[in-house]
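J.: Sequence plus predicted model, see below.
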Amino acid sequence: MSKCPYCKSEVSLEDFFHHSSKITKKGKPKIKLGEFKGVQMKQWLGKTKSVLVYVRMWACPLCDTILGFSEFHL
């Protein structure tokens, strides 16, 4: 588990995505991650705006402080 550097609360990857969980036939929990809960945006890069990049903004679910940004592909 990682911790938010601002509010010191424990944050897991499941906190950033909609998820569903179920118990398998063997009795083990299985978690399926869905859509991203945070902000997703498009950003043009370069002087001629020739490259389109999709960006996710990761924020702490408890204190709502921005933790970082990452690129992703559709």
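T.: Received it, and whenever you're ready, just let me know what you need. Numbering: from 1, shown residues only.

J.: Do a quick rundown of the strands in the protein.
T.: Secondary structure of the chain (DSSP state E): strands located at 2-3, 10-11, 17-23, 29-36, 39-45, 51-59, 66-72.

J.: Identify the residues contacting the residue nearest the centre of the chain.
T.: Most central in the chain under C-alpha atoms, centre = their mean is residue 16, positioned 4.3 Å from the mean C-alpha point. Residue 16 sits next to 36-38, 58, 61 when contact means C-beta atoms under 8 Å, 6 or more residues apart in numbering. Heads up, the C-betas are built off the backbone N, CA and C, glycines and all.

J.: Setting aside sequence neighbours, what's the nearest residue to residue 63?
T.: Spatially, and ignoring its direct neighbours in sequence, residue 63 is nearest to residue 7 (4.0 Å; C-beta to C-beta, 6 or more residues apart in numbering).

J.: ok, now how distant is the one you found from residue 68?
T.: 15 Å (C-beta to C-beta, to the nearest Å).

J.: out of the two, which sits in the busier spot?
T.: Between residue 7 and residue 68, counted using other C-beta atoms under 10 Å, the more crowded position is residue 7 (12 against 8).

J.: and the more buried one, what is it in contact with?
T.: Per C-beta under 8 Å, 6+ apart, neighbours of residue 7: 60, 62-63, 65.

J.: For it, give me phi and psi.
T.: phi -100, psi 0 (degrees, to the nearest 10).
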